[in-house]
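*Asks:* Below: sequence and its predicted model.
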Amino acid sequence: MAGKTTVLLTNEFLETKALIDSAKDPECGAVSVFLGTTRDNFDGKKVVRLEYEAYEAMAIRQIHKICERIRERWSVRHIIVAHRLGNVPVCEESVVIVISSAHRKESLEAVEYAIDTIKAIATIWKKEVYESDAPQWKQNAE
Amino acid sequence: MAGKTTVLLTNEFLETKALIDSAKDPECGAVSVFLGTTRDNFDGKKVVRLEYEAYEAMAIRQIHKICERIRERWSVRHIIVAHRLGNVPVCEESVVIVISSAHRKESLEAVEYAIDTIKAIATIWKKEVYESDAPQWKQNAE
Amino acid sequence: DEFPDSISVLFFAKAREAVGAAERKVFVKRGCRVSDLVRDLIVDYPPLKAILSCCVVALNQEFVEEGKDPILQPKDEIAIIPPVSGG
Amino acid sequence: DEFPDSISVLFFAKAREAVGAAERKVFVKRGCRVSDLVRDLIVDYPPLKAILSCCVVALNQEFVEEGKDPILQPKDEIAIIPPVSGG
């Protein structure tokens, strides 16, 4: 049930509702969503914001390939992946993944695969900026 | 990391954005969401709408128990479960589940468990209303 | 020897349509079990018979476990639960 | 014998800060491999040395597989990729 694939890197605030609505489809009974949001603490340090940067052309290619692999493994309709770059304040979304499918199992599994794989390989970096300590580049766990 | 648990059965349109926002938390890096939406077809028949009814008091107790079991198994922050009753037109949400957690694995797994268990046991029923065939009470697969 | 109070029996979905009502108040004798009540319901509402085999019963908002057949108490709330289809 | 065109080398995150620039144009000799280029970069930007062991290299937006060491071609785009942390 091929549908649209949208991959977006942007410096703007992520409009989660619009992204979700764009994945809805009359043939779909399920929309699964993952939002990554900025936490206010790490190791007891107060986090003020995250700063994201990306190797944009490569990250977009990588994420498109991840979407292709999703379509090989699961019957899903629309796939929307949006990642914010630049400063992301506490509680705001850095990443929004929305996948719709006829039945729930497909999109639930596909969303988990998408965020796991994007975090593992996509050429995107975040620096955590603390209230009183030196900022620190993060590294996703294996 | 106990947080709020909200269980809601309502005849009103589900305001997905407000439900998601109410689960966000500065201590959480992940918000996982499942939306069940009305499909426009079943077995080649055109679906006009779904009609939901519930044994409300029992369903609310059941869903609260499911939320307790989630908290025993996963470290999650806020749990929001909203189910719409009455008529639900095509493409609109019948159920919205939102769970936030510090790390993504917990809320992703908890959302899948929540929708699976609610569909299996919660005393809620839907009747599919078709364009030209007689309406039919549905039955969730085991 | 009937209870002074009636017992509420609730019907949902298919069962509600079969009975033509969402709720009935019934008076039962002391010692009456869930299965006795169900047998009486079939007499009063014959269309129920065809669907009861796929229904379960809830007593005071808890499913009656298979193999159990509790004795009804005053003010109990009974519900006839067809296969669920929420979500 | 150098290529007539320079090769773009891109630096991100920690590597960008170590080099003090997001991009450098470098001229390389014919037959120069990725590992040769990396060795030259360390000479030009000593702070890179400490972090290169945890970086990987991308050639034309594809990771260079472990054990491979391709020969650079004109107009190639090389990137120094520290451990990623998107999401």
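*Replies:* Looks like it came in fine.
*Asks:* touching chain D at all, stretch A:96-109?
*Replies:* No. With CB under 8 Å from any CB of the partner chain as the threshold, stretch A:96-109 lies outside contact range of chain D, at a closest distance of 9.4 Å. Any C-beta I mention is one placed from the backbone N, CA and C, and that applies to glycine too.
*Asks:* tell me the mean pLDDT over that stretch?
*Replies:* This predicted structure assigns stretch A:96-109 an average pLDDT of 97.
*Asks:* Convert it to PDB, retaining C-alpha atoms only.
*Replies:* C-alpha atoms of stretch A:96-109 as PDB (Å, rounded to 0.1, in the frame of the first residue of the first chain):
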ATOM      1  CA  VAL A  96       8.800  13.600  14.900                       C
ATOM      2  CA  ILE A  97       8.200  10.200  13.200                       C
ATOM      3  CA  VAL A  98       4.700   9.500  11.900                       C
ATOM      4  CA  ILE A  99       3.700   6.300  10.100                       C
ATOM      5  CA  SER A 100       0.200   5.200   9.100                       C
ATOM      6  CA  SER A 101      -0.900   1.600   8.200                       C
ATOM      7  CA  ALA A 102      -4.100  -0.300   7.700                       C
ATOM      8  CA  HIS A 103      -3.500  -2.300  10.900                       C
ATOM      9  CA  ARG A 104      -1.700  -1.200  14.000                       C
ATOM     10  CA  LYS A 105       1.100  -3.800  14.300                       C
ATOM     11  CA  GLU A 106       2.900  -2.600  11.100                       C
ATOM     12  CA  SER A 107       3.100   1.100  12.000                       C
ATOM     13  CA  LEU A 108       4.000   0.400  15.600                       C
ATOM     14  CA  GLU A 109       6.900  -1.800  14.700                       C
END
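*Asks:* Show me which residues of it are buried.
*Replies:* For stretch A:96-109, the neighbour count (16 or more other CB atoms under 10 Å in any protein chain shown) marks A:96-102, A:104-109 as buried.
*Asks:* tell me which element the residue of chain C found nearest chain B falls in.
*Replies:* Per CB to the nearest CB, the residue of chain C with the smallest distance to chain B is residue C:86, at 2.9 Å. When elements are defined using DSSP states H and E, residue C:86 is found to belong to no helix and no strand.
*Asks:* any idea how far it is from residue B:36?
*Replies:* 9 Å (CB to CB, to the nearest Å).
*Asks:* just residue A:36 next, same as before
*Replies:* Residue A:36 sits 23 Å away from residue B:36 when distances are taken as CB to CB.
*Asks:* picking up where we left off before, joint contacts of residue C:86 and residue B:36?
*Replies:* With contacts defined as CB atoms under 8 Å, 6 or more residues apart in numbering or on different chains, the residues adjacent to both residue C:86 and residue B:36 are residue B:95.
*Asks:* low pLDDT regions in the chain?
*Replies:* Unless you meant another one, I'm taking chain A. Filtered on pLDDT under 70, chain A yields the residue ranges A:142.
*Asks:* please go with chain C instead
*Replies:* Within chain C, the ranges that satisfy pLDDT under 70 run C:1.
*Asks:* for chain B, what are the nearby residues on it?
*Replies:* If contacts are counted using CB under 8 Å from any CB, the residues of chain C sitting beside chain B are C:10, C:12-14, C:16, C:58, C:61-62, C:79, C:81-87.
*Asks:* Residue C:14 contacts residue B:137, doesn't it?
*Replies:* Yes. The pair residue C:14 and residue B:137 passes the contact test of CB atoms under 8 Å, sitting 5.0 Å apart.
*Asks:* More neighbours: which of those two?
*Replies:* Under the neighbour definition other CB atoms under 10 Å in any protein chain shown, residue C:14 and residue B:137 were set side by side, and residue C:14 has more, 22 against 19.
*Asks:* give me the number of residues near residue A:95?
*Replies:* Applying other CB under 10 Å, we find 25 other residues in the vicinity of residue A:95.
*Asks:* what's the nearest residue to it if we skip its chain neighbours?
*Replies:* Closest residue to residue A:95 apart from its sequence neighbours, by CB to CB, 6 or more residues apart in numbering or on different chains: residue A:36 at 4.0 Å.
*Asks:* element containing that neighbour?
*Replies:* Once you assign secondary structure using DSSP H and E, residue A:36 falls within strand A:30-37.
*Asks:* Give the other helices and strands that that strand contacts.
*Replies:* The elements that strand A:30-37 packs onto, with contact taken as 3 or more CB pairs under 8 Å, 6 or more residues apart in numbering or on different chains; DSSP states H and E, are helix A:16-21, strand A:93-101, helix A:104-121, strand B:30-37, helix B:104-121.
*Asks:* what angle sits between that strand and strand A:93-101?
*Replies:* Regarding strand A:30-37 and strand A:93-101, their directions subtend 170 degrees when assessed with axes from the mean of the first three to the mean of the last three CA atoms, to 10 degrees.
*Asks:* mind saving the C-alpha coords of strand A:30-37 as CSV?
*Replies:* The C-alpha coordinates for strand A:30-37 follow below in CSV (Å, rounded to 0.1, in the frame of the first residue of the first chain):
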residue,chain,number,x,y,z
ALA,A,30,-3.6,3.2,12.6
VAL,A,31,-1.2,6.1,13.0
SER,A,32,1.8,5.5,15.2
VAL,A,33,3.9,8.4,16.3
PHE,A,34,7.2,9.0,18.1
LEU,A,35,8.3,12.4,19.4
GLY,A,36,11.8,13.0,20.7
THR,A,37,11.8,15.9,23.1
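*Asks:* Can I take it that residue A:125 is in a strand?
*Replies:* Yes. Counting by DSSP: H, G, I helix; E, B strand; the rest coil, one finds residue A:125 located in a strand.
*Asks:* Residue A:86: what's it in contact with?
*Replies:* Taking CB under 8 Å, 6+ apart as the contact definition, residue A:86 lies against A:11, A:51-52.
*Asks:* try residue A:106
*Replies:* With contact taken as CB under 8 Å, 6+ apart, residue A:106 is in contact with A:30, A:74-76.
*Asks:* Many thanks, have a good one.
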